[in-house]
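# Here is a sequence together with a model predicted from it:
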Amino acid sequence: MNEKKEVLTIPRSDRRILSNIPDPENVRSLVNRRGASYQKEEIDPTDVNEIYRLQQLSLRYKTNFEVQIKRGKQKVSDKYYAEDISVTGILIYSDSPNNLLINEIITMKFTIPGGAMPEGYESRVKIKAKVVRHFTKEVDGVTRCYYACEFLQHLNDYMTKKRWGLSIFVASLFLLIVSLIVMLMRAESVIYFKFNKFLYLYSIIAATFLLSRYLFGIFYRNVPINPNFEPGVSIIIPVFNEEQWIHRTVLSCMNQYYPVDKLEVIVVDDYSTDRTEEKAKEMIDFIHNEGERFKTKNRLSFHKLPQNGGKREALVAGVHLAKHDLVVFVDSDSFLEPHAIRNLVQPFQDPKMGGVAGRTEVENKFTNALTKLQTVRYYIAFRIMKAAESWFDTVTCLSGPLACYRKELILKNETAWLNQKFLGQPATFGDDRSMTNYILKTHRTGYQDNAVCSTIVPSDTKVFLSQQMRWKRSWLRESLRAFLFMWKKEPFMFLFFIIGLIVPIAAPIVVVYNLIYVPIMHGVFPTTFLIGLLLMSMLMSLAHLFFRRSKLWAFGFIFVLFYEFILLWQMPVAWVTFWKSTWGTRETPQDVMAKEKKLEKQKLRKSRISILKIRKMGERE
């Protein structure tokens, strides 16, 4: 069976693979000529976010779509295609000789497809450009004529005037309207409270919880960058059978805008059985060949465990090898933005801060409808939900794709973490929630929205559902643990936590009552409940539109329906199976044992059936 091909945004490779590391010899700039032309003034080398903005202006993406050209009012009949595109310009080609002139101003019309550029740029574009360069190149035996064109107005400004500004206005207006409607509906719940105390109490609590989360999330702000705060950081990448993505993960972790002597990367292979080791070492050798002046041989290493012990064993092994006081855990299919680490460490200026999560985005968002649903869900989960928790320095899950901890706290809780059991079963997943609980007992946890990584999410429904079941089981298990100490935290956050625990657990009962019991027993159509679902989905979709200005915002509506009618029903299953320790999507020792037990049961069943058949044959004789 062929693997599903993921649709990824592919930056055109830079001849300098370590282009974001601060040059210790100062022989090159971090911002190339395209981005530098948009500098307002001399760059402050400590202004990470401004450098990142200028780098994004110059970053080119591989693509292939048709471009229509007009010279004045006359449409050019020859067909042109885009080979790469950036915010500031586009490279087009044609297989037939052309006569576009250098410095000529032309009008271009094209549609940027989903995945060609970062989320938010997928749109129809009509823009003026200047031809700045011409060359020919032979491709597959055909001579192509190439033209490099510079947009007279870069795409960020164009999108703001044509679409982004309208998106923000519409989203803001409707977010306000939806919030007011939700509050009016909850006023109805207060009026009719005496008729069904359980239902209307749940309704009031759920609405208050949801609206407060969005309110705190919208007004969240990052901890600003202190140019004098550059603590030592060790990035640890635990990997198991991840040959497809590990090379890209390693490169993204090394290619960080962070001082050379303050950053190291440790890859720990949990005894992979595919070509993960080969792929990782190929990339490490490649980096070493180019990175001599960046001291990569002293800062990038690979270690393989003698046997498969699980993700926690790999992470702890990496922590013991780490030489810096802060350790960053990065999943093997996650890719860091160049300024992720510098942003991620800023909250640690507070000595009571024990761990910080970054924002995780979906890398393969345009693969299919399932990945688009997850794109909206991921963004809201981080930018709204984790941001709201960060107000109280009590983020309840420092997510696996990108999280930073104080090394001393990991070592302090190492034994308990490695040997954690629940109802006699070893805890083999939910590593991030589990460690977060250990940190929260004594320290604060935070969230940095500007510390961004992207990850590969499941594009197959079966794998996705297995992942969601695993997450629900670990959420239930770790929420019960957190309940024992969360009351010691900030009082309002404890109230948040309790409501956040009750609402999902009670949700299946409420849905059954509203959609099945009430219509059958009372003959009442559940209008109010369905309107509530619609408003909840609008909050998610409009918040995504407000922040991302992306056409994927509509998938927030679909996700809420998908959750209510499919994912929600995993919760009752999780209630009665949350002691299970199998992944269902990878060959952990627990999965192997479960398969062996299943095979033994099948053999025993077949043996019994055979015996019964023999007995029946004997009776007939």
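Nice, I can see it. These figures come from a predicted structure and were not determined experimentally.
# In contact with residue 147, which residues?
Contact analysis of residue 147 by C-beta atoms under 8 Å, 6 or more residues apart in numbering lists 80, 91, 92, 93, 98, 100, 131, 133, 134. Every residue, glycine included, has its C-beta placed from N, CA and C.
# now residue 91, what's its secondary structure?
strand (DSSP: H, G, I helix; E, B strand; the rest coil).
# After whatever helix or strand residue 453 lives in, heading C-terminal, what element do we hit next?
Per DSSP states H and E: residue 453 is located in strand 444-455. Next helix or strand after strand 444-455 toward the C-terminus (DSSP H and E): helix 461-486.
# Show me how far that following helix is from its chain's centre.
18 Å (C-alpha atoms, centre = their mean, to the nearest Å).
# Now the strand holding residue 453 - C-alpha only, PDB.
What follows is strand 444-455, C-alpha atoms only, in PDB (Å, rounded to 0.1, in the frame of the first residue of the first chain):
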ATOM      1  CA  ARG A 444       5.100  27.800  36.800                       C
ATOM      2  CA  THR A 445       4.500  26.900  33.200                       C
ATOM      3  CA  GLY A 446       4.100  29.300  30.300                       C
ATOM      4  CA  TYR A 447       3.500  29.700  26.600                       C
ATOM      5  CA  GLN A 448       5.300  31.700  23.900                       C
ATOM      6  CA  ASP A 449       3.300  32.300  20.800                       C
ATOM      7  CA  ASN A 450       6.300  33.600  18.800                       C
ATOM      8  CA  ALA A 451       8.200  30.300  19.400                       C
ATOM      9  CA  VAL A 452       6.800  28.400  16.400                       C
ATOM     10  CA  CYS A 453       7.300  24.900  15.000                       C
ATOM     11  CA  SER A 454       5.300  22.900  12.500                       C
ATOM     12  CA  THR A 455       4.500  19.200  12.700                       C
END
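# before we move on, the earlier item: as CSV, the contacts of residue 147 with pLDDT would be great.
Listed next are those as CSV, based on pLDDT from 0 to 100:
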residue, pLDDT
80, 94
91, 96
92, 96
93, 94
98, 70
100, 88
131, 95
133, 93
134, 93
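# now the stretch 151-300 of the chain, which segments are flagged as low pLDDT?
With pLDDT under 70 as the threshold, the stretch 151-300 of the chain has low-confidence stretches at 186, 188-197.
# Helices of that one, residue ranges please.
Assigned by DSSP state H, counting those that start in this stretch, the stretch 151-300 of the chain shows helices spanning 155-159, 165-191, 197-218, 246-254, 276-290.
# For residue 349, which of these is the nearest?
Closest to residue 349 of the helices of the stretch 151-300 of the chain, according to C-beta to C-beta: helix 197-218, at 21.9 Å.
# buried set for that closest one?
Across helix 197-218, burial judged by 16 or more other C-beta atoms under 10 Å covers 199-200, 202-207, 209-211, 213-214, 216-218.
# check which helix or strand covers residue 134.
For residue 134, the host element (DSSP H and E) is strand 123-139.
# again, but for residue 405
Under the assignment here (DSSP H and E), residue 405 is part of strand 402-406.
# Can you spell out which helices and strands pack onto the following helix or strand past that strand?
Note on strand 402-406: by DSSP H and E, the next helix or strand toward the C-terminus is helix 407-412. Here helix 407-412 touches helix 311-321, strand 326-330, helix 431-440, going by 3 or more C-beta pairs under 8 Å, 6 or more residues apart in numbering; DSSP states H and E.
# Pull out the buried residues from the second one.
Read it as strand 326-330. Under 16+ other C-beta under 10 Å, the buried positions of strand 326-330 are 326, 327, 328, 329, 330.
# out of the residues you listed, who's nearest residue 288?
Out of the buried residues of strand 326-330, the member with the shortest distance to residue 288 (by C-beta to C-beta) is residue 330, at 19.7 Å.
# Now for the closest one: which residues touch it?
235, 236, 237, 249, 253, 336, 401, 402, 453.
# That one bridge partners, please.
residue 402 (DSSP bridges).
# What does the pLDDT read for it?
Turning to residue 330, the model gives it a pLDDT of 98.
# could you measure it against residue 245, distance?
11 Å (C-beta to C-beta, to the nearest Å).
# go on, residue 386?
Separation of residue 386 from residue 245 (C-beta to C-beta) stands at 24 Å.
# more crowded one of those two?
Using other C-beta atoms under 10 Å, the more surrounded residue of residue 386 and residue 245 is residue 386, with 26 against 20.
# OK, contacts around the spatially closest residue to that one that is not a sequence neighbour?
Spatial nearest neighbour of residue 386, chain neighbours left out: residue 447 (4.5 Å); criterion: C-beta to C-beta, 6 or more residues apart in numbering. Contact analysis of residue 447 by C-beta under 8 Å, 6+ apart lists 220, 356, 357, 358, 359, 382, 386, 387, 389, 390, 395.
# repeat for residue 349
223, 226, 229.
# for residue 416, same thing?
Applying C-beta under 8 Å, 6+ apart, the residues contacting residue 416 are residue 438.
# and residue 285, how many neighbours?
Burial of residue 285 is recorded as 10 neighbouring residues (other C-beta under 10 Å).
# right, and the helix or strand after the lowest-mean-pLDDT helix or strand in the chain?
The weakest-scoring helix or strand in the chain, judged by mean pLDDT, DSSP states H and E, is helix 33-36 (a mean of 53). Toward the C-terminus, helix 33-36 is succeeded by helix 48-58 as the next helix or strand (DSSP H and E).
# Setting the sequence-adjacent residues aside, check what's closest to residue 124.
residue 111 is the one closest to residue 124 (C-beta to C-beta, 6+ apart), at 4.8 Å.
# State whether that neighbour is indeed within a strand.
Yes. With three-state DSSP as the criterion, residue 111 is part of a strand.
# Could you measure from it over to residue 79?
15 Å.
# Strands of the stretch 451-600 of the chain, start to end?
Along the stretch 451-600 of the chain, counting by DSSP state E, counting those that start in this stretch, no stretch forms strands.
# mind showing which ranges of it have poor pLDDT?
Judged by pLDDT under 70, the stretches of the stretch 451-600 of the chain that qualify are 578-579, 581-600.
# if we can go back for a sec, list the ones among the contacts of residue 447 that fall in helices.
387, 389, 390 (DSSP state H).
# List only buried entries from the residues you listed.
If we count by 16+ other C-beta under 10 Å, the ones in helices among the contacts of residue 447 have these buried: 387, 389, 390.
# follow-up on the earlier one: okay if I get the buried residues of strand 326-330 as TSV plus distance to residue 418?
TSV is the format used below for the buried residues of strand 326-330 (distance: C-beta to C-beta, whole Å):
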residue	distance to residue 418
326	21
327	16
328	19
329	15
330	20
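# With respect to residue 554, which of those residues is nearest?
Once C-beta to C-beta is applied, the member of these that ends up nearest residue 554 is residue 330, at 31.4 Å.
# Contact partners for residue 215?
residue 388.
# Quick check, pLDDT for the residue nearest to residue 386.
Value listed for residue 447 in the pLDDT field: 98.
# for the stretch 501-621 of the chain, what spans make up the helices?
Counting by DSSP H, counting those that start in this stretch, the helices of the stretch 501-621 of the chain are 518-522, 527-548, 555-565, 570-577, 589-620.
# Now do the residue nearest to residue 205 when sequence neighbours are not counted against residue 204, distance only.
Excluding the flanking residues, the one nearest residue 205 by C-beta to C-beta, 6+ apart is residue 499, at 5.7 Å. Residue 499 sits 11 Å away from residue 204, going by C-beta to C-beta.
# swap in residue 170?
For residue 170 relative to residue 204 (C-beta to C-beta), the value is 29 Å.
# burial count for residue 275?
14.
# pretty sure it is touching residue 243, no?
Yes. Assessed by C-beta atoms under 8 Å, residue 275 is found in contact with residue 243 at 4.3 Å.
# just to revisit the earlier point, now do the strand holding residue 134: everything it contacts.
By C-beta under 8 Å, 6+ apart, strand 123-139 touches 89-90, 100-112, 143-153, 155, 158-159, 162-163, 551.
# and the residue lying closest to residue 526 once chain neighbours are set aside, what is it in contact with?
Leaving aside its sequence neighbours, residue 526 sits nearest to residue 514 (C-beta to C-beta, 6+ apart; 4.8 Å). Residues near residue 514 by C-beta under 8 Å, 6+ apart: 199, 526, 529.
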